[in-house]
Every structure is written in C-alpha cells, then in structure tokens.
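Chemist: Sharing a sequence plus its predicted fold:
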Amino acid sequence: MGRHSLPDQYGAGGSDPRPRARRRTVAIATVLVLTVAGGTAAAVRSGLLSFGSSCQDDPVRLRLTASPDIAPALTAAAQQARDHNITSDGRCLAVTVTARDSYKVAGTLAAGKETDAQLWVPDSDMWVDRITANNSAVDVTPAGAIASTPIGVAMVPTAAKSLGWPKKTYSWIELAGATLQDDSLKLGAADPARSATGLLALTQLSTAAAKIKGGDTQAAAMMKTLSQRTSDSDSQVVDTLPRDSSGTELGNPKRNQALVLSEQAAYAYNSSADSGGSVDMFYPKDGSPELDYPYAMVGQLTTDQSRAALRFMNYLRQPGQLRLLQKYGFRTSDEGAPAAVVAKAGGSSPQPYAEPALQPAADVAVQEALGMWTITVQSARLTTVVDASSSMSEPVPGTGQSRMDVTKGSLLQALSTFTPEDEIGLWEFSTKLDGDKDYRVLVPTERLGDQKGSGTQREKLSAAFNGLEPVPNGATGLYDTTLAAYKAATSSYAKGKFNALVVLTDGVNQDPGSISRTTLITQLQKLTNPERPVPLIMIDVGPDADRDEAKEIAEATGGSGQSVSNPSQIQSVMLKAIVAAGSQGDD
C-alpha cells in the first residue's frame with residue numbers, strides 16, 4: 001500500500017512552489033479513472049460542467065485535514081469556493097477543513113488506521129514519505145504542492161541587532177553556535193520528533209556539522225542544549241518568546257530570544273495584535289530548508305470525490321487563491337520571494353531570503369538526524385548482541401572484508417553517535433560459548449562516560465567491538481540467547497532512558513537443544529511491560545537470515561525486525577529502528 005503517484009500535467013500548474021525535481025506525479029490509473037468517468041482535465045480545472053446555482057442542492061462533500069499553520073488559509077479558500085459556486089461536474093464543492101498536527105495524522109495513517117478525511121495537507125512531504133515506509137499504511141496519493149515557506153532563525157530585535165542583523169549573515173552552525181556562546185540568547189525550537197520545522201533544521205545542522213573536524217561532538221552538544229528548550233509543537237514554541245520588550249520579559253530565563261521558525265510562522269506572529277512584540281528573521285547563508293505543503297488524497301475516494309479533490313487543488317492554484325495564501329504568509333512560487341511576506345516576517349536585505357530553497361535532504365540524512373536526536377535527548381540504555389557464528393566469516397561482495405569485519409565497522413560508527421550519558425553493553429553468541437550457554441557477556445551495559453580501569457566504558461566497548469571474531473565451526477544459538485538477553489534488559493530497566501535490546505544475526509537458529517520459536521515468543525510477550533518498554537530490535541544481516549522470523553520475534557516486544565543486505569547499513573537501520581520504537585505511543 002502507501003502512495004500512488006499522479007501525472008504533473010493533470011492540474012499541475014506553474015504555481016507549484018517547489019523545484020521541479022521535487023514535484024510528485026499523479027498515477028496513470030487515476031487519470032484513466034477520471035477519463036472513463038467522463039470529461040477532461042480542462043473541464044475539471046475550469047468547472048465548465050457547472051449547472052448554475054442548483055449545484056448547491058447536492059454538493060460533493062470533502063473533509064480536509066491540514067497542518068494548523070495552513071488550515072486558516074484553506075478554510076478561507078473553501079468558504080470562497082462555496083460562495084462562488086465552484087463546481088466539479090456540475091456539483092458544488094463543500095470542503096470542510098480541520099486543523100491537526102501533521103505528526104499525529106502521519107502516525108495514524110502509517111499504522112493503517114482510517115481517518116474521516118479524504119484530503120490531507122501536512123506541512124512537509126517528509127510525513128508522506130514516513131507513511132510509505134510501512135506496507136500496512138493507508139493509501140496516500142500526493143498531487144503536488146500548494147504552498148511553501150522557508151525555515152530560518154527568528155530573533156527578538158535586541159538579540160538580532162546584537163548579532164549584526166540584517167547586514168551580517170550566518171550559516172546554520174554559526175547561528176546555533178552564537179546562541180550556545182551567549183547565555184543571554186536562548187534558542188528554542190519545536191520537537192524534531194513532532195515538527196518538520198525542527199527536524200529539517202536539525203538535519204541541516206547535522207549535515208553541516210559532519211563536514212567539519214569534531215563536528216559530531218559539536219552537533220551532539222547543540223542537540224543537548226536545544227533539547228532543554230524544545231516545545232511540543234510549532235505553535236507552542238512561539239509562545240516562549242518574550243511577551244513584551246520589557247527587561248523583565250527579555251531577561252526571563254524561561255523565555256527564548258531566538259527560535260527555529262518558518263517564515264510563515266514569523267509572519268503570523270508579527271501580524272498578530274496579541275503577540276506583544278515582533279521578530280527579525282535570519283536566513284542562513286548556507287541555505288534554508290522549506291516546508292512544502294503537499295496536497296494528498298487519503299484512502300479510496302469515489303470517482304466524484306477524486307474529481308472534486310483535484311478541482312479544489314486547481315482552484316487553490318488560481319491567482320485569487322494564490323493571493324489569499326500569500327495574505328496568510330505563504331509563498332506560492334519558487335520564482336521569487338513575495339516582498340510583503342518577507343517584510344512582515346522580519347526579513348530584510350541583505351539577508352538571503354530570495355535564494356532558492358535547499359534541495360530536500362536525503363531520507364537517510366533525515367533518519368540519522370532524528371536518530372541522533374532521540375538518543376541524545378533521551379539518553380539510551382542499549383544492549384547489543386552480535387552473532388559470532390562461523391558464517392560471519394563469509395565475505396561481503398565488493399568489500400574485501402568479512403561480514404564480521406563490516407559489522408564491527410558499522411557498530412563502531414554507531415557508537416560515536418552516543419553521548420557519555422548513554423549506557424551501552426555488548427554480548428556475543430554462537431553455540432556453547434560459556435559452558436552450555438550459547439552467549440557470553442563481553443561488556444556489561446553501563447554508562448559510556450564511566451571510568452573503567454585506565455579507560456572509559458566507551459573505550460572498553462570500542463576494544464571489544466574491534467576484538468569480535470567468528471567462532472570456528474560455531475552455529476547460531478539465536479533463541480536461547482535472545483531470551484536471556486531480553487530477561488537481562490528488562491530486569492535492569494533504567495527509568496527515564498530509552499531502553500532497547502539490539503540483536504544482530506546473519507542466520508537462523510541452529511541449536512537443536514534450544515527452546516522453540518513459539519516458546520521464545522510466548523516468553524517475550526510475558527516479559528513485555530508497556531509501563532517499562534524494552535523494544536527488541538532484531539537486525540538480519542545478509543541473505544541467509546529469516547526476515548519474517550526476525551519481524552515476528554521483535555514485534556512480540558513492541559520492537560521491529562530489520563533487514564540489511566550489507567552490514568555497512570547497520571548504523572542507519574539501527575537509528576531508524578530507534579526512532580520508530582521511540583515514537584510509539586505518540587498521539
């Protein structure tokens with residue numbers, strides 16, 4: 001299931017604010033359905049099939065769920081469509097708009113749960129991408145973007161002037177660094193786990209940090225500091241600005257003088273009579289990511305609903321509606337920045353507000369940034385269990401290395417993303433490694449920053465990772481090991497941390513004397529406690545592992561089964577699984 005696509009030529013006007021490389025296409029199947037039903041794209045766009053005022057007697061009713069920032073504009077557009085008797089096949093459009101946070105809708109749809117809406121306009125297509133990562137998700141059919149807004153850093157005027165605004169320009173790293181160095185300049189943001197604004201900015205920071213020496217450490221420090229001043233949503237983070245320009249408000253330690261914010265949010269804040277102040281906008285010189293507001297159909301629409309949905313999208317692209325969207329602070333073209341919008345948002349020359357938006361970050365970069373955020377903000381307690389059976393000596397095609405060699409390299413890379421507050425341990429398993437036990441504890445799960453003899457836990461783990469070697473003639477004692485490790489992980493649960501067990505294996509259980517798969521799953525279910533969650537993340541490496549089995553075993557604990565064809569993918573898959581497990585339970 002997941003997304004379909006639609007052809008750009010069907011209603012894809014020149015007002016799509018994103019670069020053409022980003023445009024979604026509309027599935028040929030959709031066009032065939034519409035064509036067979038009668039009429040053409042031109043008829044749908046123009047409403048030529050209108051029968052006059054009688055269209056109000058039997059309107060096509062559509063429910064649209066939208067990101068809270070764009071919902072007011074879409075509500076106004078829907079009302080104008082009713083007032084002007086905009087039609088689809090002679091029937092008026094009756095579109096009802098409801099505001100709901102994009103992450104909540106994405107979570108519902110990704111879980112395969114139906115909503116009462118036929119249309120969805122999230123603030124970013126990253127939410128649509130997240131849905132399609134789950135095969136059981138509800139169908140989502142994107143049909144193009146209807147607006148956009150760049151992301152930058154908004155500051156109260158006194159803070160902006162202290163940094164040389166508007167003449168001085170900064171990169172993302174420099175802006176974040178300036179707030180870290182000045183105790184009087186607090187930077188706030190919406191939670192990247194729930195906000196596209198926060199996550200896209202965080203991804204840009206992480207990507208930029210990776211290019212400089214010591215960047216990983218710097219990025220982790222930024223995340224840790226930023227995490228202390230995050231809000232659950234974009235609307236809530238705006239409420240953390242000073243209520244007025246008094247010294248009491250500006251000096252209030254609970255107030256933020258700078259925010260990671262979209263241009264539209266800054267526009268709305270500066271336009272509000274109740275805001276109590278204004279902000280100036282920094283547009284980073286290394287580029288601004290953007291929110292792109294995809295317009296998508298949800299679930300299985302009837303032919304009438306599909307035609308009406310595309311009719312409303314095309315209505316939104318007419319000049320009058322483009323002006324309406326700009327009136328609410330949105331950009332409607334990638335061919336220039338609306339001067340009135342930029343000025344009201346606090347932008348001023350020579351800030352690079354007219355530069356093209358950054359090309360979207362790769363999905364893997366977004367996932368890694370979110371994974372680092374998850375394990376940085378909420379310290380982790382992870383026990384890693386690595387297959388040391390003889391098959392781990394098999395070569396990985398094209399690398400000149402064995403499965404174990406590549407696995408070690410990937411684990412060491414993953415280790416570098418954890419902070420001193422995280423607790424990490426290491427087990428290895430094969431068969432009969434310790435008497436009758438198929439497993440052996442190499443490094444107990446403890447805090448990475450703790451001193452261990454002449455070194456730290458991190459150094460001890462690094463040495464243990466490097467020392468992993470396949471056991472000659474060793475088989476795979478998967479079931480007994482998984483149960484023992486899960487018992488240990490649940491019994492040593494650390495409150496306030498993200499607890500998880502990570503098992504990496506390249507094969508199926510080969511211990512004839514072990515418990516059965518059914519017994520393992522039953523025991524794991526008994527040990528699982530929703531109040532003390534310890535998801536099992538089981539990662540299959542190579543072609544010999546049983547992917548379905550890994551998924552079944554892991555899901556018994558609320559975790560996930562992952563598969564990689566090459567052990568070098570372990571780090572990114574692990575971070576992705578941590579993000580997925582850490583987000584479970586979000587409304």
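Modeler: Received the coordinates, thanks. Numbers count the residues shown, from 1 in each chain.

Chemist: surely residue 395 meets residue 406?
Modeler: No: contact between residue 395 and residue 406 fails when scored by CB atoms under 8 Å: they sit 9.6 Å apart. Every residue, glycine included, has its C-beta placed from N, CA and C.

Chemist: More neighbours: which of the two?
Modeler: Using other CB atoms under 10 Å as the criterion, residue 395 and residue 406 rank with residue 406 on top: 22 against 12.

Chemist: any idea how far residue 571 is from the more buried one?
Modeler: 11 Å (CB to CB, to the nearest Å).

Chemist: dump the residue contacts of the closest residue in space to residue 271 that isn't next to it in sequence.
Modeler: Computed as CB to CB, 6 or more residues apart in numbering, the closest residue to residue 271 that is not its neighbour in sequence is residue 344, at 6.0 Å. Residue 344 makes contact with 267, 270-271, 329, according to CB atoms under 8 Å, 6 or more residues apart in numbering.

Chemist: What sits closest to residue 109 if chain neighbours are left out?
Modeler: Per CB to CB, 6+ apart, closest to residue 109 is residue 138, 4.5 Å.

Chemist: scratch that, residue 445
Modeler: Sequence neighbours aside, residue 425 is the residue nearest to residue 445 in space, at 2.9 Å (criterion: CB to CB, 6+ apart).

Chemist: which SS class is the one you found?
Modeler: With DSSP: H, G, I helix; E, B strand; the rest coil as the basis, residue 425 sits in strand.

Chemist: What distance do you get for it to residue 383?
Modeler: 5 Å.

Chemist: Identify the contacts common to the two.
Modeler: residue 445.

Chemist: now stretch 122-132: mean pLDDT?
Modeler: Here stretch 122-132 scores 91 as its mean pLDDT.

Chemist: Next SSE downstream of the helix or strand hosting residue 144?
Modeler: If you go by DSSP states H and E, residue 144 is part of strand 140-145. Downstream of strand 140-145, the next assigned helix or strand under DSSP H and E is strand 149-155.

Chemist: one step back: rounded mean pLDDT for the strand holding residue 144, please.
Modeler: Strand 140-145 carries an average pLDDT of 93.

Chemist: dump the residue contacts of the nearest residue to residue 434 once chain neighbours are set aside.
Modeler: Using CB to CB, 6+ apart and skipping the chain neighbours, the partner closest in space to residue 434 is residue 440 (4.8 Å). Contact partners of residue 440, counting by CB under 8 Å, 6+ apart, are 427-429, 433-434.

Chemist: now these in a markdown table, with pLDDT?
Modeler: A markdown table is the format used below for the contacts of residue 440 (pLDDT from 0 to 100):
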| residue | pLDDT |
| --- | --- |
| 427 | 98 |
| 428 | 97 |
| 429 | 96 |
| 433 | 93 |
| 434 | 91 |
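
Chemist: Highest neighbour count among those residues?
Modeler: Using other CB under 10 Å as the neighbour test, the contacts of residue 440 are led by residue 429, with 29 neighbours.

Chemist: So it lies in a strand, does it not?
Modeler: Yes: counting by three-state DSSP, residue 429 is part of a strand.

Chemist: So it is in contact with residue 438, correct?
Modeler: Yes: in this structure, residue 429 is within contact of residue 438 by CB under 8 Å, at 5.2 Å.

Chemist: who touches both of the two?
Modeler: By CB under 8 Å, 6+ apart, the residues touching both residue 429 and residue 438 are 477, 481.

Chemist: Helices of the stretch 351-500 of the chain, start to end?
Modeler: Counting by DSSP state H, counting those that start in this stretch, the stretch 351-500 of the chain has helices at residues 363-377, 403-415, 457-467, 478-491.

Chemist: sorry, back to before: that's a strand at the residue nearest to residue 271, yeah?
Modeler: No: the assignment for residue 344, made by three-state DSSP, is helix rather than a strand.

Chemist: Output the lowest mean pLDDT helix or strand found in the chain.
Modeler: Lowest by mean pLDDT, DSSP states H and E among the helices and strands of the chain is helix 28-36, with a mean of 35.
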